[in-house]
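>>> Make a model of this:
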Amino acid sequence: ARLRYWQQQFAEFKPDVVVGDYAPSLTMAARGRVASVALGSGYSLPPPEADVSTPFREPFGIGPLETEEVILAKLNAILVASGTRPLARLPQMNEATGYALRTIAIFDPYWEIRTQDYLGVEQPSGSPRPVPQVDNTVLAYFSVGVSNPAIIAGMKLSGLPVKLFVGKDRAEAAEQARGSRIEIVDSPFDLPRDLPGHGLTMGQGSLGFVAASLFAGLPQVALYKHDEGWSIAKALHKAQIGLSAFEQDATADQVAEMMLKAANRVEMRNYALALSDRYAEFRDNPSLPKLVNIVRQAAGRGPSAA
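Predicted coordinates for the structure are as follows:
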């Protein structure tokens with residue numbers, strides 16, 4: 001049904017190029033018909049050039065899996081029946097005319113086999129930079145609220161000063177934080193202004209905030225909610241610049257312990273500062289103009305003069 005839908009759109013609009021974010025049904029439908037650009041954050045764009053669909057973690061709780069050969073055969077039967085070119089290998093479902101990989105290597109779970117270039121992580125107001133003097137304040141960003149009350153309880157237990165943004169859950173969080181060193185802020189942080197000079201950051205493993213924290217050279221605590229957050233948290237662990245836990249399972253003691261470790265480990269901050277320097281080429285280097293040129297080139301228009 002999806003393939004038929006895209007074919008109808010191609011026939012009606014006659015596009016020069018189509019752009020899809022995490023949309024393999026679109027790129028498969030476009031193969032041989034319309035130029036396409038595939039967007040992704042690393043996690044959301046498994047390498048189309050790979051021979052097999054290498055998983056970034058072991059499956060759990062879902063029973064036995066079908067082999068890749070079986071999946072490919074079933075998918076190709078549908079593709080052929082819809083008049084779409086079959087795939088030679090399963091990762092080809094993400095194959096496009098051009099690619100826009102909007103991340104940096106450290107947060108790409110497929111970095112070891114990736115052949116595409118990284119565009120960086122967009123920071124709309126600019127990228128933060130490290131500063132030599134730091135305090136022990138924690139900047140905590142939970143854009144969709146804090147679903148586990150143990151997280152705010154852990155912040156209180158740590159005894160560290162915390163500036164916390166929780167989106168629409170502000171009133172509830174303020175009640176939980178009463179009598180503590182937690183300050184509930186009304187607006188999301190201005191990243192280049194607010195991150196530098198503090199002890200560490202906390203969040204849900206979202207790419208934008210984690211990357212900004214890296215650019216600022218800060219240790220991190222990630223309380224992730226889903227697989228992409230898990231993959232980013234795993235990268236923080238591997239680079240020794242952060243600690244993490246699954247948000248719903250975290251206990252107050254665990255949260256407080258992670259915060260105090262991240263705030264007090266000199267080597268963790270040193271590693272974070274080193275990585276900030278290593279990825280400096282992506283700081284204040286917007287990905288959107290690069291994306292525009294990738295789309296223009298896929299459409300046969302050549303690079304933009306802007």
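>>> Kindly state the pLDDT recorded for Gln133?
Note on Gln133: pLDDT of 80.
>>> Quick check: it touching Gly197?
Yes. In this structure Gln133 lies within contact range of Gly197 using CB atoms under 8 Å: 6.3 Å. Heads up, the C-betas are built off the backbone N, CA and C, glycines and all.
>>> Okay, buried residues for the host helix or strand of Ser276 please.
Taking DSSP states H and E as the definition, Ser276 sits inside helix 266-278. For helix 266-278, the neighbour count (16 or more other CB atoms under 10 Å) marks 268-269, 271-273, 275-276 as buried.
>>> can I get the CA coordinates of it in PDB?
The C-alpha trace of helix 266-278 is given here as PDB (Å, rounded to 0.1, in the frame of the first residue of the first chain):
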ATOM      1  CA  VAL A 266      38.400  14.600  36.500                       C
ATOM      2  CA  GLU A 267      39.300  12.100  33.800                       C
ATOM      3  CA  MET A 268      35.700  12.200  32.500                       C
ATOM      4  CA  ARG A 269      35.800  15.900  32.000                       C
ATOM      5  CA  ASN A 270      39.200  15.700  30.400                       C
ATOM      6  CA  TYR A 271      37.900  13.200  27.900                       C
ATOM      7  CA  ALA A 272      34.900  15.400  27.200                       C
ATOM      8  CA  LEU A 273      37.200  18.400  26.600                       C
ATOM      9  CA  ALA A 274      39.400  16.300  24.300                       C
ATOM     10  CA  LEU A 275      36.400  15.200  22.200                       C
ATOM     11  CA  SER A 276      35.200  18.700  22.000                       C
ATOM     12  CA  ASP A 277      38.500  19.600  20.400                       C
ATOM     13  CA  ARG A 278      38.400  16.600  18.200                       C
END
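>>> That one packs against which elements?
helix 207-215 (3 or more CB pairs under 8 Å, 6 or more residues apart in numbering; DSSP states H and E).
>>> wait, what's in contact with Glu172?
145, 166 (CB atoms under 8 Å, 6 or more residues apart in numbering).
>>> Check the offset of the helix or strand that contains it from the chain's centre.
Per DSSP H and E, Glu172 falls inside helix 170-176. Between the centre of helix 170-176 and the centre of its chain there are 27 Å (CA atoms, centre = their mean, to the nearest Å).
>>> residues of that helix that come out buried?
For helix 170-176, by 16+ other CB under 10 Å, it's 173, 176.
>>> Go through the buried residues of helix 266-278 and name the one nearest Met93.
Leu275 (32.4 Å; CB to CB).
>>> wait, isn't the closest one in contact with Ile241?
Yes. With contact defined as CB under 8 Å, Leu275 counts as touching Ile241 (6.2 Å).
>>> Overlap of the contact sets of those two?
Contacts common to Leu275 and Ile241, judged by CB under 8 Å, 6+ apart, are Leu214.
>>> returning to what we had before: okay, Gln133 and Gly197: which has more neighbours?
Shown here are Gln133 and Gly197; by other CB atoms under 10 Å, Gly197 has more neighbours (16 against 6).
>>> The more buried one and Asp135 touch, don't they?
Yes. Using CB under 8 Å, Gly197 is in contact with Asp135, at 6.7 Å.
>>> Please pull up the helix or strand immediately following the lowest-mean-pLDDT helix or strand in the chain.
Within the chain, no helix or strand scores below helix 170-176, which has a mean of 88 by mean pLDDT, DSSP states H and E. As assigned by DSSP H and E, the chain's next helix or strand after helix 170-176 is strand 182-184.
>>> ok, now which ones touch the spatially most central residue of the chain?
Geometric centre of the chain, nearest residue: Leu207, 3.3 Å, by CA atoms, centre = their mean. Residues in contact with Leu207, defined by CB under 8 Å, 6+ apart, are 41, 103, 107, 121, 228, 232.
>>> Lovely, talk soon.
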